[in-house]
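S.K.: Kindly generate the corresponding structure for this input.
(one chain, ligands or ions: 1)
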Amino acid sequence: MRTHMTALALGTVLLLAGCGSGQIGDTGSGQTDPNNKNLALITGMRGEPFYVSIECAAQQEAAAQGYQLNTQAPEKFEQAEQSQILGGIVSTKPGAVIIAPTDDKALAAPLQQARSNGIQVVEVDTALEDRSIAVTSLSSDNYAGGQLAAQTLAKLVGDKPGSVLALNTKAGTSTTDERAKGFEEEIAKHPNLKLLPTQYTENEPATAAQIVSSTLAATPDLVGVFGTNLNTGEGAATALSNAGKSGQVQLVGFDASPKQVDDLRNGRVQALIAQNPGKIGQEGVQRAIAAVKGQPVERETRTEMIAITRDNMDQQAQYFYKSHC
Ligand code: T6T
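M.R.: Coordinates of the predicted model:
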């Protein structure tokens, strides 16, 4: 089920209420020991504030419930290293693995193997294309987030005609692919805005910066940029600032890292679509424990997002991400 979006005037909060599918996930046929108190969390990238915020909340929840949580992450947002980490964790036989898969296909086989070994699979943030492997998935409604970004950008640009650019991360990243799609479909409703072909940055801020610099040079009527996640947004802000274009080309980012929040405050970014990673981490652990115990868990849950601008940022500090617990 898609969440309902309430769009208010720019400068006020745009909130997407969390909501679920109502369906119950399948815990699989492998034997899970209901008394297993060991859980694992594998995020998409070590030290990155979105995932740090998930980790902090997940650790807190696991400790409160008397569970051990082994947290690991690849150095880069990269499926080969993440699969290796998963292999090591499966051999320690936790009751559940809570994971943000870095690729919507490549992680399917190792996660299916985990499931066959009686390990419950809980997806947080990103998800596999194959919906039959995880017992439950918790994430923002990323398509709606992309639409919200487009609406926010369109309001910032106003009637001015011009081109807009979306920066995606790596093809096969379920979240940013959905954000880019929502953005593209919503921008199409604004006849003054011409959408340039979406560009992939491999999730590297430096690549995002290069793409924005070359787009600025080739597209004199560029009026807006959407960074579909933290790294693309941070890179875009750097490039616009280096070119002296901050505030002339409107930049809407996704996420709310300390750097993105600073950029919003100092006018290098005009709006951020913030997620609620703390809730995703906390509920991810709660779902994992329920699944280990054989209790029913909702198959899909969407958590809220919020559009933050300089005008309302001080009231929304609870949405800012953490760089350490
Ligand atoms: O935007 C988040 C996350 O939702 C996405 O799946 C990957 O990128 C981030 O971790 C931010 O870098």
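S.K.: average pLDDT across stretch 272-282?
M.R.: The average of the pLDDT scores along stretch 272-282 is 98.
S.K.: Stretch 149-164 too?
M.R.: Mean pLDDT, stretch 149-164: 98.
S.K.: show me what contacts the residue nearest to Ser139 when sequence neighbours are not counted?
M.R.: Residue nearest to Ser139 in three dimensions, not counting chain neighbours: Asp125, with 5.2 Å by Cβ to Cβ, 6 or more residues apart in numbering. The C-beta positions use only the backbone N, C-alpha and C, and glycine is treated the same way. Counting by Cβ atoms under 8 Å, 6 or more residues apart in numbering, Asp125 makes contact with 44, 50, 54, 100, 138-140, 175, 277, 280.
S.K.: what does the stretch 151-300 of the chain put close to the ligand?
M.R.: Contact residues, the stretch 151-300 of the chain versus the ligand (Cβ under 6 Å from any ligand atom): 173, 175-176, 229-231, 254-255.
S.K.: rewinding a little: quick check: of the contacts of Asp125, which has the highest neighbour count?
M.R.: In terms of neighbours by other Cβ atoms under 10 Å, the contacts of Asp125 top out with Ile54 at 33 neighbours.
S.K.: ends of stretch 132-147, how far apart?
M.R.: 27 Å (Cα to Cα, to the nearest Å).
S.K.: Tell me if it is near the ligand.
M.R.: No: using Cβ under 6 Å from any ligand atom, stretch 132-147 stays clear of the ligand, with a minimum separation of 6.8 Å.
S.K.: Buried residues in that stretch, which are they?
M.R.: Going by neighbour count (16 or more other Cβ atoms under 10 Å), the buried part of stretch 132-147 is 133-147.
S.K.: Let's see which of these end up in helices.
M.R.: Counting by DSSP state H, those place 142-147 in helices.
S.K.: how about the helices in the stretch 101-250 of the chain?
M.R.: For the stretch 101-250 of the chain, the helices defined by DSSP state H, counting those that start in this stretch occupy 108-116, 142-157, 174-187, 205-218, 230-242.
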